[in-house]
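In: After the sequence you'll find the predicted model.
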Amino acid sequence: MPGSEFRFELRVCRWAERNWPPPDPGSCQVEDGGTSDGAGGAGGSGTDSGPPVVVGRQLGTQYRRWDTVVVECDPEGLRERARFGADALDSDLLHVVRDAPAEWTWYREALPEPDYPWRYVREAVHRAADRRVLETRRDGNRIEIRRRWPYPDWVRRVVAVENKPDLDASAARSLRPQLEHDVAMGLADEAWVATESVGGVEPVLLENLPVEAGILAVDPAEGDPEVSVEWYPGSLAVGDPGTRILDRPAGGDHDRSAARFEYVDPAEKAEKRLAIAERAYGRGWRSYADSMRPDCRHFRLRPEGTALLPWCAAKARGQTAAECSGSCPEFEPEPPAWRSRGPPIQGGPGRLQRRILRRRRRRRRPGLSEE
Ligand code: SF4
């Protein structure tokens, strides 16, 4: 059914937001005395109640995009992060706010030498000041900076989830290189595959996936999904140099080429992890509405369990983000009369639906005001 993968992804995001970490290894089907990488109980954060989490979707690097990203947070750090606003800090802003001094200092003396021109740093300083996350003043030609607050250490772990509702043998085979990339790179602390299943995933499919990847079985019944763990992941080596696989031989009798790869420094990985966590913080998973058409008269937000999922009244089904665009043949703008029902500034139902999603996102970020 069109849209089912997108819908599945949103349901997994909502489940993770409410229930992370996954249940304990009690339901693990494979028993090997606890010596295997997979059954070692590395799942979750190891806490009873679970850490606060920030969930995002479709995030990653230029080499790898993950469907769902779960950022496990330090509770106090997450509250302090809210002082820097609801929007993500990009890597240039992070460079400035993380190293901003407590006392007034010329920005070139305060900040570490960048590996790009200083003029970009100066632009970032101005942007940070405009967003009120940094103080600036002039001393002659020099711009001095002072931090407003220390940037908190709010990210504990970054977990990647690949969503594959129809996990058959061929899907598992094509997923394998991506998961092997995750394992070799060690950018996320854990990598999982979530799939739709009632009564368990066939063991033969598990054999097609790297042993380090965890498997979540998601009950397809409507409402808030029941999720069980089919296989627990191993912890990936986030603190070690990562291996980025650039090219791999296709295999076969005539392919004698060697794999090409490069090493990635742990400090670079740490920066990328933080940038991904920031984007998850800023966008959350409900930002799907930004690339859809809630201003279409057929667009609805329909409750499914505790989630609000997009629904198209014209198609009488959940629509994908790709098809819900201005080029959709059934797109019809909201009638102007709908917009005049409330105060003009509130707009019509489309705006209201965006506001509802934005409010829900903010509610998951302690320390942010409602609007
Ligand atoms: S008719 Fe098209 S644009 Fe309108 S809500 Fe449905 S999918 Fe989206």
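Out: Yep, it's here.
In: Pull up the residues of the chain that are close to the ligand.
Out: The chain has residues 293, 296, 298-299, 312, 314-315, 319, 323-324, 328, 330-331 near the ligand, with proximity defined as CB under 6 Å from any ligand atom. (C-beta placed from N, C-alpha, C; glycine too.)
In: Quick one: buried ones out of these?
Out: With neighbours counted using 16 or more other CB atoms under 10 Å, the residues of the chain next to the ligand contain these buried positions: 293, 296, 298, 299, 312, 319, 323, 324, 328, 331.
In: what residues are up against the nearest residue to the fourth one once chain neighbours are set aside?
Out: Take residue 299 and drop its neighbours on the chain: the residue closest to it by CB to CB, 6 or more residues apart in numbering is residue 293, 6.0 Å away. For residue 293, the contact set (CB atoms under 8 Å, 6 or more residues apart in numbering) comprises 299, 324, 325, 326, 328, 331, 350.
In: could you pull out the helices for the stretch 251-371 of the chain?
Out: Taking DSSP state H, counting those that start in this stretch, the helices of the stretch 251-371 of the chain run over residues 266-283, 336-339, 349-363.
In: least reliable of those going by mean pLDDT?
Out: Ranked by mean pLDDT, the helices of the stretch 251-371 of the chain end with helix 336-339 at the bottom, a mean of 70.
In: still on that earlier bit, looking at the helices of the stretch 251-371 of the chain, which is buried most?
Out: Highest mean neighbour count among those (mean count of other CB atoms under 10 Å): helix 266-283, with a mean of 19.
In: and that one, what does it pack onto?
Out: strand 53-60, strand 65-73, helix 91-99, strand 155-163 (3 or more CB pairs under 8 Å, 6 or more residues apart in numbering; DSSP states H and E).
In: Figure out which of the ones you listed is closest to residue 127.
Out: helix 91-99 (6.3 Å; CB to CB).
In: Flag the shaky bits of this structure, pLDDT-wise.
Out: 1-3, 25-49, 249-258, 338-348, 370-371 (pLDDT under 70).
In: I'd like the distance between the closest residue to residue 182 other than its chain neighbours and the ligand.
Out: Spatial nearest neighbour of residue 182, excluding adjacent residues (CB to CB, 6+ apart): residue 191 at 4.3 Å. In this view, residue 191 and the ligand are 32 Å apart by CB to the nearest ligand atom, to the nearest Å.
In: Residue 191 sits in which helix or strand?
Out: strand 190-196 (DSSP states H and E).
In: Quick check: buried residues in the next helix-or-strand element following that strand?
Out: Sequence-wise, the next helix or strand downstream of strand 190-196 (DSSP H and E) is helix 203-207. Residues of helix 203-207 classed as buried: 205, 206 (neighbour count, 16+ other CB under 10 Å).
In: Ramachandran angles for the nearest residue to residue 99 once chain neighbours are set aside?
Out: The shortest distance from residue 99 to any non-neighbouring residue, by CB to CB, 6+ apart, is to residue 111 (5.0 Å). Phi and psi for residue 111, reported as degrees, to the nearest 10, are phi -100, psi 150.
In: residues touching residue 111, list them.
Out: 95, 96, 99, 100, 121.
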